[in-house]
Structure formats: C-alpha cells, structure tokens
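S.K.: okay, here's the prediction I keep looking at, along with the sequence it came from:
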Amino acid sequence: MPIRLSLTLRKGVLRKAVPGHPGPINVGTPHEISMLELAETIRQLAGSSSQITFIERPTDDPTVRRPDITLAREVLGWEPTTPFEDGLKRTLAWFREQMDMPFEV
C-alpha cells in the first residue's frame, strides 16, 4: 500500500529537497497532543468502541510530542495548513477507502 502524504507535507518535503541547509528540519504540526488524547480522538472520529491499551513506554520515548518547526518556517518558508482534526478525518477516510472499512468520517 503506498504512503500518501498531505499536500502541505509534500510541499515541505519538496522544499527540503532543495540544497542549502544541512538539516534536519522538522516538518510536522506544532499541535501538541498526548498519545491518550490522540487515541481517544481517533476512536471518536472513527466511531469505534475499541479499548485503549496502555503499554510501558520505551526508554527513548519523547515526553514532548510537539516538533519545533521554526527551521521549516525560516529555511523552507513552510508551515502546516491543515487543521489537526481535519487531517485525522482525511486519514481515516483514506484508510476506509483503501481497506473498505465500515466506519464513517
């Protein structure tokens, strides 16, 4: 199954392809969310009643999940334009289409 990137993420990746900065440059969203909030949001948007299972965190697991996109803004002139929840809805719709899943977004 091919990986599909959002238009804004593709633009960020393509701009990075232009030489001139050694990197790395975070291309993501500055919207910080816990893994529990993410799981609950996905479950709600998917209309699922799946149980959320907690596992032990790996030792190298980051405690802050909010990338600093300052370099993306300064060097690439890029920042995300798709709101967080809209991106999740589009992702769920794509999976539904690819896997013929029975949930609505």
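M.R.: That came in fine, so what should we check first?

S.K.: so is the residue of the chain most remote from its centre in a helix, a strand, or just coil?
M.R.: Going by Cα atoms, centre = their mean, the residue of the chain most distant from its centre is Gly20, 25.8 Å out. Following DSSP: H, G, I helix; E, B strand; the rest coil, Gly20 is assigned to coil.

S.K.: can you pull the contacts of the closest residue to it other than its chain neighbours?
M.R.: Once flanking residues are discounted, Gly20 sits nearest to Val75: 7.6 Å by Cβ to Cβ, 6 or more residues apart in numbering. From N, CA and C alone the C-beta is placed, and that goes for glycine too. Going by Cβ atoms under 8 Å, 6 or more residues apart in numbering, Val75 touches 20-21, 25.

S.K.: Arg65 contacts Glu37, doesn't it?
M.R.: No - counting by Cβ atoms under 8 Å, Glu37 is not a contact partner of Arg65; they are 9.9 Å apart.

S.K.: ok, which stretches of this structure are helices?
M.R.: 7-16, 35-46, 70-71, 84-99 (DSSP state H).

S.K.: contact partners of the third one?
M.R.: Okay, so that is helix 70-71. 21, 25-26.

S.K.: pull out the buried members of these.
M.R.: By neighbour count, with 16 or more other Cβ atoms under 10 Å, the contacts of helix 70-71 hold Ile25 as buried.

S.K.: all good on my end, thank you.
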